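[1] coordinates for the following, if possible.
(chains A and B)
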Amino acid sequence: MFNFVAMQVENDVKQMEEQFQAKIDADIRIEPRDWMPEKYRKTLIRQMSQHAHSEVVGMLPEANWITRAPSLRRKVALLAKVQDEAGHGLYLYSACETLGADREETIDDLHSGKAKYSSIFNYPTITWADIGAIGWLVDGAAIVNQVALQKTSYGPYARAMVKICKEESFHQRQGYEIITVLANGTPAQKAMAQDALNRWWWPSLMMFGPTDADSPNTQQSMAWRIKRHTNDDLRQMFIDATVKQAEVAGLTIPDKDLKWNEERGHYDFGEIDWEEFYNVIKGNGPCNKQRIEARKKAKEEGMWVREAAMAYAEKQKTKTKAA
Amino acid sequence: MNKELYEYVLRMGDDSLILGQRLGEWCGHGPILEEDIALTNIALDVLGQARILMDYAGKLTNKKEDEVAFLREERDYKNVLLVEQPNGDFAQTILRQFFFDAFRLPFFKELQNSKDETLSGLALKAVKETTYHLQHSSNWVIRLGDGTDESHQRLETALEDLWMFTGEFFYADEVDTKLVNEGIAVDVNKIKPIWDAKVSEVFAQAKLQIPENDWMQKGGRQGRHTEHLGFILSEMQYMQRAYPGCEW
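    Down below sits the predicted model:
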């Protein structure tokens, strides 16, 4: 009897998985209340929370220049930009909650090191040109990834991406504009722009993750249409789009192997330093500790504020009941 | 040049500029993400006001907005001392904001009637923004005051630190007298009772007492600042000083 029930359940699950995959294949969006395989849910939570954490940790290197922005116009634009990132973070944490991932726990996973965020934010912003480079390259790379994610199979994630992409492409243009102003400025400004490009180029390429050969999750994520392109494809799209932009700005991409390949219809490029990539992910980047400490500090120092707000709300409720 | 008008615009503009600079320090470090966004919003509004005023001060002296904002000496900044006080904890920041907003809202309401079109135009926009700011800061003062013992204690400490900087809003000298007579400036004597009433109303709900010590600091309007302003300026002016005459 027991075996029969177990078999029945197994058959049901198999059938549901088949129906699920059929929906995916027909490009029908999966919504929060729909049945989904546990691993699909987990993969999505991992990817979306990583994305949310990247937005929030990504505020830090840019916020580093708010008080020193060189003009009022730039100060206001930078503040607005960092605020957008906070908004994206909130939006994505909410999208994670549609899959049952509690925001507090998700954030605790970031602080404990269990959850990852984009390792690009473990590099320091040491000159004003870095603010331009982040907008141009880092947001540029993020857009390539996120445009593809507008068609991801999970509804709330896809819809979040539509809104986020609009703002990110604005940020990218703004960053590129900062860089071009510098590149057309005094020799010192131009040198600042070139130096920023030299430092941010390779880490930007690393943002797409390991090569397809070393990306074990890619195949399943592609089958579920969580991912729509492989890491290497996305990286290539980014390079192809960015080389011309550097040329127009009069800056040199720091890769002696970078060359147009007529046959492939793409740029060939040099070897990425994967040892550096894996080390930064592991926690050995220049700012890993600093970034997480800043987030933890914000949470710890905000604890009494949140407690006060809750205590006050509780008192109001009691008053309303009594009245 | 209208010397008094320039001085008046700077006083108002520096209040906004220096407060915006302080609030910008919170970005990325707020106690909750929602509050990070709210503080940045307020920073954006006051910096928007600062830009209009710096631009106006520039027009009066044939200078650019950024020259006025970034390239003055410390003694030439005319903000009230309150806005340059450090962010401290969230209670300090919120109480500083509340005192400021409770002054700025009735001030801007009056300024809408200014005969100077730049100022009345600015005020029209700023009234809307400041209405929201005051609501936000009042709500938080009440929440912290009537929240937990710890939040109440922190707010008390903030009050002890900041109260002596609140008298300066109502400072008036010959600059004010002349411009009030011309129908350009706001008579701050009219604002004082409105400010007092708002503070009493919010303090009652926050279970706070108005301190007995009524000795008030002054000097900001004459460019005599606390030690904090020099550090604010060295950060804020760094790029303009290090790379003179550049476009950004």
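[2] and B:Thr148, its phi and psi?
    For B:Thr148, the backbone dihedrals (degrees, to the nearest 10) come out as phi -110, psi 170.
[3] near chain B, which residues of the stretch 101-250 of chain A?
    By C-beta under 8 Å from any C-beta of the partner chain, the residues of the stretch 101-250 of chain A that approach chain B are A:128, A:178, A:181, A:185-186, A:188-189. C-beta coordinates here come from the backbone N, C-alpha and C atoms, glycine included.
[4] what's the top helix by length along chain A packed up against?
    The single longest helix within chain A, with elements called by DSSP state H, is helix A:288-322. When contacts are defined as 3 or more C-beta pairs under 8 Å, 6 or more residues apart in numbering or on different chains; DSSP states H and E, helix A:288-322 sits against helix A:38-57, helix A:59-63, helix A:103-112, helix B:90-111, helix B:117-145, helix B:149-162.
[5] in it, which residues are buried?
    Within helix A:288-322, the residues scored as buried using 16 or more other C-beta atoms under 10 Å in any protein chain shown are A:288, A:291-292, A:294-295, A:298-299, A:302, A:304-306, A:308-309, A:311-312.
[6] now swap in stretch A:195-210 and tell me
    Residues of stretch A:195-210 classed as buried by neighbour count (16+ other C-beta under 10 Å): A:195-197, A:199-210.
[7] what pLDDT does the one residue in the stretch 151-300 of chain A that gets nearest to chain B get?
    Using C-beta to the nearest C-beta, the single residue of the stretch 151-300 of chain A nearest to chain B is A:Ala298, 4.9 Å away. On pLDDT, A:Ala298 comes in at 96.
[8] pretty sure it sits against B:Leu33.
    No. Contact criterion C-beta atoms under 8 Å: A:Ala298 and B:Leu33 do not qualify, at 9.2 Å.
[9] tell me, what's touching these two both at once?
    Counting by C-beta atoms under 8 Å, 6 or more residues apart in numbering or on different chains, A:Ala298 and B:Leu33 have no shared contacts at all.
[10] for the record, mean pLDDT for stretch A:268-288?
    Summarised as a single mean, pLDDT over stretch A:268-288 is 96.
[11] ok, A:Val305 - contacts?
    In this structure, A:Val305 makes contact with B:31-32, B:35, B:90, B:144, B:151, judged by C-beta under 8 Å, 6+ apart.
[12] can you narrow those down to the ones near chain A?
    Filtering the contacts of A:Val305 for proximity to chain A by C-beta under 8 Å from any C-beta leaves B:31-32, B:35, B:90, B:144, B:151.
[13] closest one to A:Ala26 out of those residues, please.
    Minimum distance to A:Ala26 across the ones next to chain A among the contacts of A:Val305 is 40.7 Å, recorded for B:Ile32 (C-beta to C-beta).
[14] look up how far A:Glu104 lies from the closest one.
    B:Ile32 is 11 Å from A:Glu104, where distance means C-beta to C-beta, to the nearest Å.
[15] so these two - more neighbours on which side?
    Per other C-beta atoms under 10 Å in any protein chain shown, whichever of B:Ile32 and A:Glu104 has more neighbours is B:Ile32, with 16 against 10.
[16] okay but that one is in contact with A:Arg306, surely?
    Yes. With contact defined as C-beta under 8 Å, B:Ile32 counts as touching A:Arg306 (6.2 Å).
[17] closest to the centroid, which residue in chain A?
    For chain A, the residue sitting closest to the mean C-alpha position, by C-alpha atoms, centre = their mean, is A:His51 at 4.1 Å.
[18] could I get the average pLDDT for the helix or strand where A:Val248 lies?
    Element membership of A:Val248 [criterion: DSSP states H and E] is helix A:231-249. The predicted model assigns helix A:231-249 a mean pLDDT of 97.
[19] again with stretch A:137-154
    On average, stretch A:137-154 scores 95.
[20] for that stretch, buried residues please.
    In stretch A:137-154, counting by 16+ other C-beta under 10 Å, buried: A:137-150, A:152-154.
[21] next: stretch A:214-228.
    Residues A:215, A:218, A:221, A:224-228 are the ones in stretch A:214-228 that count as buried (16+ other C-beta under 10 Å).
[22] so who does A:Leu78 touch?
    Contact analysis of A:Leu78 by C-beta under 8 Å, 6+ apart lists A:62, A:65-66, A:69, A:131.
[23] ok, now B:Ser114?
    B:Ser114 sits next to B:120, B:123, B:183-186 when contact means C-beta under 8 Å, 6+ apart.
[24] my read is it is in a helix, agree?
    No. Read with DSSP: H, G, I helix; E, B strand; the rest coil, B:Ser114 is coil and lies in no helix.
[25] need the phi and psi values for it.
    Backbone torsions of B:Ser114, given as degrees, to the nearest 10, read phi -60, psi 150.
[26] quick check, pLDDT for it.
    Per-residue pLDDT puts B:Ser114 at 98.
[27] so where is chain B shaky, pLDDT-wise?
    For chain B, the stretches flagged by pLDDT under 70 are B:1.
[28] and the helices in it?
    B:3-24, B:33-61, B:65-70, B:90-111, B:117-145, B:149-162, B:174-181, B:188-206, B:228-236, B:238-242.
[29] show me the contact partners of the last one.
    Outside of helix B:238-242, the residues that reach it under the criterion C-beta under 8 Å, 6+ apart are A:68-71, A:128, B:66, B:70-71, B:248.
[30] mind listing the helices for the stretch 51-200 of chain A?
    A:59-63, A:72-97, A:103-112, A:129-133, A:139-149, A:155-183, A:187-206 (DSSP state H, counting those that start in this stretch).
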